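*Asks:* got a structure for you, letters missing:
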Ligand SMILES: NC(=O)C1=CN([C@@H]2O[C@H](COP(=O)(O)OP(=O)(O)OC[C@H]3O[C@@H](n4cnc5c(N)ncnc54)[C@H](OP(=O)(O)O)[C@@H]3O)[C@@H](O)[C@H]2O)C=CC1
Ligand SMILES: O=C(O)C1=NCCCC1
């Protein structure tokens, strides 16, 4: 059985970048990133939240959404496209529905501002929905959902991004790379979390491929004339990615536009227009969470049943579950430090204003 998605193959090409370099302790990386955010105009609260989020991605080997993204965060802040001091507003739209306006700020601070009330709603009702709009999500989704599963809950999250994916058989980019994540408790172990784009690859991995001079896997993208290409620069320069799995991934990308944008009041991916803000890279769209208390299913053995299913899947031959690679890398980097190349470290220190 193949271990490889196109993104995973692309990421493997950068294993050298991800696994070698100066080891930096997690807390030190958080502190360095926090200084960068503060220096570029965020509030202390926003700096702390984004630094923790981005360092967690680097720690867990989510390379396409780790410190590689820091210049993009800075570009968005410097250009005035995103408000690093935004104060989100939280509105109750029903007993189990929260509407959050991120006020053109980052998603994670808006999400965390609403999270405690959201959890009460989930406990009271068995299920709740949080709809966030006017929000910039520039990260992986697993940091948002994994903690719910650690609290015994099942969580789903959806976010749309910016138009860079053609519909199946189409020519113009309509969808974003539109990831979704799912997290569930597992008896006796870490939660099972998958977090995947609806496209053949994350845009971040295409950008890393372009930077490193690697081809992308065949079948991932098209050039500006709609012709298949393995050149990441051709995809980025007027071309587009394809949905994963043809029309099936296309339907998931569509669903995510509906859930994360139409339903929340956020922008569709094709409506994101940052042309007046040179340097901006954080798409301002929407995000939806659905969180369920599995105890309401009444089986009394939910997490045990999930553990049993995972046992069956592995018995059948799948060598690992989603999330296991991240957990292994997390344990390793928390012990040994997070490897950063000298060039990356120098770039981060320069952005922090270090001499
Ligand atoms: N904010 C945004 O707008 C966007 C964010 N993203 C983020 O980019 C990241 C990368 O997305 P994408 O490239 O699609 O992800 P990948 O294809 O790398 O991985 C998708 C999922 O599959 C799991 N997985 C990978 N290989 C295997 C395997 N052999 N067996 C079992 N499970 C496996 C991964 O687990 P594991 O991690 O343990 O390997 C992960 O949960 C995501 O975190 C996503 O949220 C993407 C697009 C837009
Ligand atoms: O990698 C991607 O795809 C994206 N990540 C952050 C937001 C824009 C799209």
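*Replies:* Received, thanks. Given the structure is predicted, the values throughout are model-derived calculations rather than measurements. Ligands and ions are numbered 1, 2, ... in the order given.

*Asks:* count of neighbours near residue 43?
*Replies:* Neighbour count of residue 43, defined by other CB atoms under 10 Å: 17. (Each C-beta comes from the backbone N, C-alpha and C, glycine too.)

*Asks:* please apply the same query to residue 255.
*Replies:* A count of nearby residues for residue 255, using other CB under 10 Å, gives 14.

*Asks:* in which helix or strand does it reside?
*Replies:* Secondary structure from DSSP states H and E places residue 255 in helix 247-257.

*Asks:* likewise for residue 157?
*Replies:* Taking DSSP H and E as the definition, residue 157 sits inside strand 154-159.

*Asks:* for whichever strand or helix holds residue 312, give the mean pLDDT please.
*Replies:* Using DSSP H and E, residue 312 falls within helix 302-315. Average pLDDT, helix 302-315: 98.

*Asks:* residue 183 in helix, strand or coil?
*Replies:* Three-state call for residue 183 (DSSP: H, G, I helix; E, B strand; the rest coil): strand.

*Asks:* oh, I was asking about residue 285
*Replies:* With three-state DSSP as the basis, residue 285 sits in strand.

*Asks:* my read: it touches residue 265, true?
*Replies:* No - when contacts are counted by CB atoms under 8 Å, residue 285 is not listed as touching residue 265 (10.4 Å).

*Asks:* ok, these two, which is more surrounded?
*Replies:* Per other CB under 10 Å, whichever of residue 285 and residue 265 has more neighbours is residue 285, with 29 against 13.

*Asks:* bridging residues for that one?
*Replies:* For residue 285, the beta-bridge partners under DSSP bridges are residue 135.

*Asks:* any idea which helix or strand comes after the helix or strand of the chain with the lowest mean pLDDT?
*Replies:* Using mean pLDDT, DSSP states H and E, the weakest-scoring helix or strand in the chain turns out to be helix 15-19, at a mean of 48. Following helix 15-19 in sequence order, the next helix or strand is strand 22-24 (DSSP H and E).

*Asks:* what residues does that following strand touch?
*Replies:* Applying CB atoms under 8 Å, 6 or more residues apart in numbering, the contact partners of strand 22-24 are 32, 336-342, 345.

*Asks:* please redo it, this time with the cut-off set to 7 Å
*Replies:* 336-340, 342, 345 (CB atoms under 7 Å, 6 or more residues apart in numbering).

*Asks:* just checking, what packs against the next helix or strand after it?
*Replies:* Using DSSP H and E, the helix or strand that follows strand 22-24 in sequence is helix 26-39. Applying 3 or more CB pairs under 7 Å, 6 or more residues apart in numbering; DSSP states H and E, one finds that helix 26-39 contacts helix 44-59, helix 70-78, helix 342-351.

*Asks:* now do the buried residues in the second one.
*Replies:* Residues of helix 70-78 classed as buried by neighbour count (16 or more other CB atoms under 10 Å): 70, 72-77.

*Asks:* the last one now?
*Replies:* Burial within helix 342-351, assessed by neighbour count using 16+ other CB under 10 Å, is assigned to 344-345, 347-348, 351.

*Asks:* how long is stretch 55-68 end to end?
*Replies:* End-to-end distance for stretch 55-68, by CA to CA, to the nearest Å: 11 Å.

*Asks:* wait, does it contact ligand 1?
*Replies:* Yes - Stretch 55-68 reaches ligand 1 (CB under 6 Å from any ligand atom) through 62, 64-65.

*Asks:* restrict those residues to contacts with ligand 2.
*Replies:* residue 64.

*Asks:* same question for the residue most central in space within the chain, what's its three-state structure.
*Replies:* Centroid check for the chain by CA atoms, centre = their mean gives residue 140 as the closest residue, at 1.8 Å. Following three-state DSSP, the label given to residue 140 is coil.

*Asks:* please report how far the nearest residue to residue 336 once chain neighbours are set aside lies from residue 62.
*Replies:* Once flanking residues are discounted, residue 336 sits nearest to residue 23: 5.7 Å by CB to CB, 6 or more residues apart in numbering. Distance, residue 23 to residue 62, by CB to CB, to the nearest Å: 18 Å.
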